[in-house]
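> Following is a predicted model, sequence given first.
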Amino acid sequence: MRVSLIGAPLALGQSKPGVGLAPAALRRAGLVEALVQIGHEVFDTGDLDFPRGKVHQAEVEIPETDFDGARRNLFDEGGTTTTTLTATVTRAKHAREVGESCHMISELVCQRATAGDFCLTLGGDHSIALGSIPGIISARPETALIWVDAHGDFNTPETSPSGNMHGMPLAMVLGYAKEGLPNFDWLLNEKLRKLTPDRVALVGVRSLDAGERRLLKDAGVHVYSMSDIDRYGIGPVMEKAMAAINGDGRRTFHVSFDIDSIDPAEAPGTGTLVKGGLTYREAHTILEMVSESGLLTSLDLAEVNPELDLNGQTTALGIELICSALGKSIF
């Protein structure tokens, strides 16, 4: 199989430096060689050249009913502000740059998927999924999505406590994209909006904001929390998740894997650590089971941060997980 490796060093969806270094770190640590060793041809497209960013005021219009919330979000950590208060404030940080960057990802992923390649998109933070998923859906409209994450990533600019866009991609690709969000007009294209909540499984979640919890319940996404995994085991949970989103069994899968889904003891090199995550073996089992289904045609790996890593532990784990997804097995 030919694997198109797409470097997406997008770091503006969150606030900690270093996550944009992950594609280069994964290559240096031997990702391409590991994929070749298990029998794949690798077409490395290099790293996309994304715009550098700064937070723009008035990126998202806040309804007057949320004006008090908007007022609170204007103040910096020191409790002071030099910005004149209006009814429009920044609630989606770096939206212009993230929107432009994800459009670039979407177009390249669509191109490589249309050519028949397995698309491996290396983040960067998890806002990369705002590009990779629309790109895959454009080329393969019947694709179902397995989202492996400690977090729901189902906030919107209106519900997000932080305004960081790496907490919004799953909601936005399912249609919760606010019209008028700068540089996201392309995402409103109906061709890119074919994914529906019944074809989405969120696996390993253990930290949800109040607003996204309500939205997830209303949307009807299939959610499998760490409590479910603790109670039933990862094998039965994955069997249930894959069956739930695959209808008649003929849909292909896209997996969007956030490394923070794994317990910090195993994956310390990421920016939003949450205790009580997937074990090393549970993470591998998820990807091994999807690989064994024969239906996996694309994968994201997001939120590896080499600057926060301990002796390259998380980067090395990322390569191992990718290889599990692409068919490496014990026997």
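Thanks, I have it. Numbers count the residues shown, from 1 in each chain.

> if I look at Tyr232, how far off is Lys240?
Counting by CB to CB, to the nearest Å, the gap from Tyr232 to Lys240 is 8 Å. The C-beta positions use only the backbone N, C-alpha and C, and glycine is treated the same way.

> try Gly271
Counting by CB to CB, the gap from Gly271 to Lys240 is 30 Å.

> who's more crowded, those two?
Remark: of Gly271 and Lys240, Gly271 carries more neighbours, 21 against 15, as counted by other CB atoms under 10 Å.

> doesn't Leu308 make contact with the more buried one?
Yes - using CB atoms under 8 Å, Gly271 makes contact with Leu308 at a distance of 6.5 Å.

> what residues are shared contacts of these two?
16, 18 (CB atoms under 8 Å, 6 or more residues apart in numbering).

> what about Arg140, how many neighbours?
Other residues close to Arg140 by other CB under 10 Å number 18.

> so what's it up against?
Taking CB under 8 Å, 6+ apart, one finds 113, 252, 297-298 in contact with Arg140.

> make it 7 Å
Residues in contact with Arg140 (CB atoms under 7 Å, 6 or more residues apart in numbering) are 113, 252, 297.

> Can you tell me, leaving aside adjacent residues, what's nearest to the second one?
Of all residues beyond its chain neighbours, the one nearest Thr252 is Thr297 (4.5 Å), with distances taken as CB to CB, 6 or more residues apart in numbering.

> Tell me which residue is most central in the protein.
His126 (3.5 Å; CA atoms, centre = their mean).

> what comes up buried for the lengthiest helix in the chain?
In the chain, with assignment by DSSP state H, the single longest helix is helix 95-114. Going by neighbour count (16 or more other CB atoms under 10 Å), the buried part of helix 95-114 is 95-113.

> ditto for stretch 190-209
Under the neighbour-count criterion of 16+ other CB under 10 Å, stretch 190-209 has 192-193, 195, 197, 199-209 buried.
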